[in-house]
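Q: sequence and predicted structure below; questions after.
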Amino acid sequence: MKLLKYIGTMLLVTALSVSGQNKPPKKIISGVLIKDDGKYNRVLFVGATRTEVFYKDNLQGVVTKRSRITEFSGIFMFDPWLYREAKELFEGRKYEEALERFIECKEVFKPFRTLENNYSDMAAFYELECYRKLKKYADIDKTLQLFISDKLTRPSMQTQLEVYKLWQAVNAKNWARLNILCNEWREKRVAVGIRAQIAYCHGLALEGLGQNSKALNSYATAMTADFTKSDVIVREAALNSLRIFSEDEGLKTAVMLWEKPEEDKNTVGYARLKEANALARIYDKANMGAGVALPAKYKKFQDYTTPEMLEKIKEKEEAAKEDSK
């Protein structure tokens, strides 16, 4: 019976959330109060404390009602339209616009801050995420000093808040500390998006400490750990790698000797040039820039493609044509 009751409740909530598409005032959150007997009321929440919720029956209601949270078996709040729009902008990679909306949400939904995973604190979390995506690391540091919350209980958010310590070290350019912090996360099991961040930060730390070969390995992990979602990480790791390649003296020598009698294909510089070539081609082919074009100074690496690689590319293109017939 409990399972049937739970299923029935979730179906009810889903149906109501789909039907409630009209925009109420910003500060009001549409939701449902469910009692033990399964009866429910569709209400408009206007605030809450640790023990009580405040709500109106409809937009025309003059009286604000208050009830103890313990009176209900379930209290469901649907994502308010302001928060939904902010999330859509964020997921659409429009981080500047999303940032403005999340800052607005953070203020608008302060009356609900006593509740777990309330929209004010979640908006503050996504404000930090926008700063991270926009590489505004000083703003992460400043915001974290003011943001204190024990209401975000989702494991993914809790882990991300811990990982912001790495970004604070990036902002301070404290590469030694960042290296230590990244090594502490090495053996921890984390989501691929977090792993991509850690690998990227470790790449920055190792590069800052003059360990370019290790930095390239970390950047490679950052590029592949969460390729489809960590768009900024993938792009910056690729560009940082290409920058390291472009500054490599052995690679510069390989470029000067390209296809000349003196060319030595067994040098580290030649191997680096092949890696730079492959990365520059993949950057364009796989849209690693997520809309940001490959700078001309790195695009030149695409010219150094070996005959063997050109043959393989040709074979793949012909195979793709055959498959499409």
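A: Sure, I can see it. Numbering: from 1, shown residues only.

Q: ok, and the closest non-adjacent residue to the most centrally placed residue in the chain?
A: Per CA atoms, centre = their mean, the C-alpha nearest to the average position across the chain is that of S230, at 5.6 Å. Leaving aside its sequence neighbours, S230 sits nearest to A196 (CB to CB, 6 or more residues apart in numbering; 4.3 Å). From N, CA and C alone the C-beta is placed, and that goes for glycine too.

Q: hey, where'd the helices end up in the stretch 101-250 of the chain?
A: 119-133, 137-146, 155-172, 175-184, 192-208, 212-225, 231-247, 249-256 (DSSP state H, counting those that start in this stretch).

Q: closest one to Y40 among those?
A: helix 119-133 (21.2 Å; CB to CB).

Q: residues touching the nearest residue to V268 once chain neighbours are set aside, list them.
A: The shortest distance from V268 to any non-neighbouring residue, by CB to CB, 6+ apart, is to G250 (5.1 Å). Applying CB atoms under 8 Å, 6 or more residues apart in numbering to G250 gives the contacts T267, V268, G269, Y270, R272.

Q: which SSE is the fourth one in?
A: Secondary structure from DSSP states H and E places Y270 in helix 268-285.

Q: okay, stretch 220-229 in PDB with CA atoms only?
A: Extracted C-alpha coordinates of stretch 220-229, given in PDB (Å, rounded to 0.1, in the frame of the first residue of the first chain):
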ATOM      1  CA  ALA A 220      44.500  15.100 -21.700                       C
ATOM      2  CA  THR A 221      42.500  13.600 -18.800                       C
ATOM      3  CA  ALA A 222      40.600  16.800 -18.500                       C
ATOM      4  CA  MET A 223      39.700  16.800 -22.200                       C
ATOM      5  CA  THR A 224      38.400  13.200 -22.100                       C
ATOM      6  CA  ALA A 225      36.800  12.700 -18.700                       C
ATOM      7  CA  ASP A 226      33.600  14.500 -19.400                       C
ATOM      8  CA  PHE A 227      33.900  15.600 -23.100                       C
ATOM      9  CA  THR A 228      30.100  16.200 -23.800                       C
ATOM     10  CA  LYS A 229      29.400  18.400 -20.800                       C
END
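
Q: for that stretch, what is the average pLDDT?
A: Average pLDDT, stretch 220-229: 91.

Q: flag every buried residue along it.
A: Using 16 or more other CB atoms under 10 Å as the test for burial, stretch 220-229 gives A220, T221, A222, M223, A225, D226.

Q: which of these sits closest to K87?
A: Nearest member of the buried residues of stretch 220-229 to K87, counting by CB to CB, is D226, at 18.7 Å.

Q: show me what contacts the closest one?
A: V192, G193, R195, A196, I233, V234 are the contacts of D226 under CB under 8 Å, 6+ apart.

Q: check which residues of stretch 110-128 are buried.
A: 111-113, 115, 118-128.

Q: ignore what I typed, I meant stretch 141-154.
A: Residues D141, T143, L144, F147, L152 are the ones in stretch 141-154 that count as buried (16+ other CB under 10 Å).

Q: right, I'll leave it there.
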